[in-house]
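Novice: from the sequence below, what's the structure:
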Amino acid sequence: MDRQVDIPLPSGHRMRAHWYRPKDANPHRAAVIAIHDIFGYTADIERIGRRLADNGYPVLVPDLYDLPGSKPLCVVKTLKAHEMGSGEAFEQLEACRLWLLSQPEEPVTQVGVMGFCMGGRFAVLYAARAPVQVVAPFYGSIPGNHAALSGICPAVGGWGKTDLIYGSHGERLASHLERLGVPHDIKTYDNVGHSYMNDHQSFMFKKVAAASPMRARYDENASEDSWRRVLGFFEKVFSGQLGT
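Specialist: Predicted structure coming up:
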């Protein structure tokens, strides 16, 4: 059960998003915002949204590149917000949270955020400033100062050690969370690179990205282990077994 919806933004623009409803919803009234990577809204983020829904979560997948203006300008604005840690992208995510809490189709009182690559950084920064219950960032850039994440909720995520750009950022996040006293399950996988949970079918991803310093490629074993950890951690948080 899925369909496209329009999310009203403070600017008056209505952002495209996809809404996935589970056949059997979890009993915790919990939903998830899934944030795409730098490639934007693709079949891969649809696959991820459906998998979350198959596990009982209503899921909203926004297209962060859907802003007023030309597509190239929208991409630039989103990437600028990604680097600066402020901008319209965070208003888009907040609009998603509010939409989830107010829509009439699924009872939602708790919200989690899951993001990949670019979306992983957005997820972490948004979770440090918004009243969400859990965050699942994967191989995104993490601020160097732990204070930038003050207020963050419990986190579960993963990085690949052979990623020469962001491979150390999982350990950085774990260190920040330890210092902040926030429950977490952050794992860095040996012999795995960037984007190991994303199974893009494009030539660019399969050939070019794998040869880049990020060593970006899908890894089934690390991906499945990450799914196991994410779903287990979500259940603990949303059921109240793991406090904030």
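Novice: from here on, contacts and neighbour counts on C-alpha atoms
Specialist: Fine.
Novice: do you know how far the most centrally placed residue in the chain is from G158?
Specialist: By CA atoms, centre = their mean, the chain has its centre lying nearest to G115, at 1.4 Å. Distance of G115 to G158, given as CA to CA, to the nearest Å: 11 Å.
Novice: now the strands for the chain?
Specialist: Ranges of strands within the chain are 2-8, 14-20, 30-35, 59-62, 110-116, 134-138, 155-160, 184-189, based on DSSP state E.
Novice: list the neighbouring strands of the first one plus their orientation.
Specialist: Looking back up the chat, that one is strand 2-8. strand 14-20 (antiparallel) (DSSP bridges).
Novice: and the contacts of the partner strand?
Specialist: 1-9, 49-50, 53, 58-64, 66-67, 92 (CA atoms under 8 Å, 6 or more residues apart in numbering).
Novice: what angle separates it from strand 30-35?
Specialist: Orientation check (axes from the mean of the first three to the mean of the last three CA atoms, to 10 degrees): strand 14-20 against strand 30-35 gives 130 degrees.
Novice: one step back: for the residue nearest to the centre of the chain, which non-adjacent residue is spatially closest?
Specialist: I35 (4.5 Å; CA to CA, 6 or more residues apart in numbering).
Novice: surely that neighbour and F116 touch.
Specialist: Yes. Judged on CA atoms under 8 Å, I35 makes contact with F116 at a distance of 6.6 Å.
Novice: name the residues of stretch 136-148 that are buried.
Specialist: 136-143, 146, 148 (16 or more other CA atoms under 10 Å).
Novice: now do the end-to-end distance for that stretch.
Specialist: Start-to-end, stretch 136-148 (CA to CA) is 17 Å.
Novice: can you tell me the average pLDDT over it?
Specialist: Across stretch 136-148, pLDDT averages out at 96.
Novice: winner for burial among the strands of the chain?
Specialist: strand 134-138 (a mean of 30; mean count of other CA atoms under 10 Å).
Novice: who does it pair up with?
Specialist: Partners of strand 134-138, by DSSP bridges, with direction: strand 110-116 (parallel), strand 155-160 (parallel).
Novice: and those strands as CSV, adding mean pLDDT?
Specialist: Output for the strands paired with strand 134-138, formatted as CSV (pLDDT from 0 to 100):
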stretch, mean pLDDT
strand 110-116, 98
strand 155-160, 98
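Novice: need these in JSON lines with distance to S223, can you?
Specialist: Converted to JSON lines, the strands paired with strand 134-138 look like this (distance: least, CA to CA, whole Å):
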{"stretch": "strand 110-116", "distance to S223": "12"}
{"stretch": "strand 155-160", "distance to S223": "9"}
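Novice: wait, which of those is closest to V75?
Specialist: Among those, strand 110-116 comes nearest to V75, with 16.2 Å by CA to CA.
Novice: quick check: longest helix in this structure by residues?
Specialist: helix 220-238 (DSSP state H).
Novice: touching it from outside, list them.
Specialist: By CA under 8 Å, 6+ apart, helix 220-238 touches 28, 30, 55, 110, 133-134, 136, 154, 156-158, 185, 189, 192, 196-197, 242-243.
Novice: what about 7 Å?
Specialist: Applying CA atoms under 7 Å, 6 or more residues apart in numbering, the contact partners of helix 220-238 are 28, 30, 134, 156, 158, 189, 196-197, 242-243.
Novice: for those residues, work out which two are farthest apart.
Specialist: Top of the distance list for the contacts of helix 220-238 (CA to CA): H28 and Y189, 30.5 Å.
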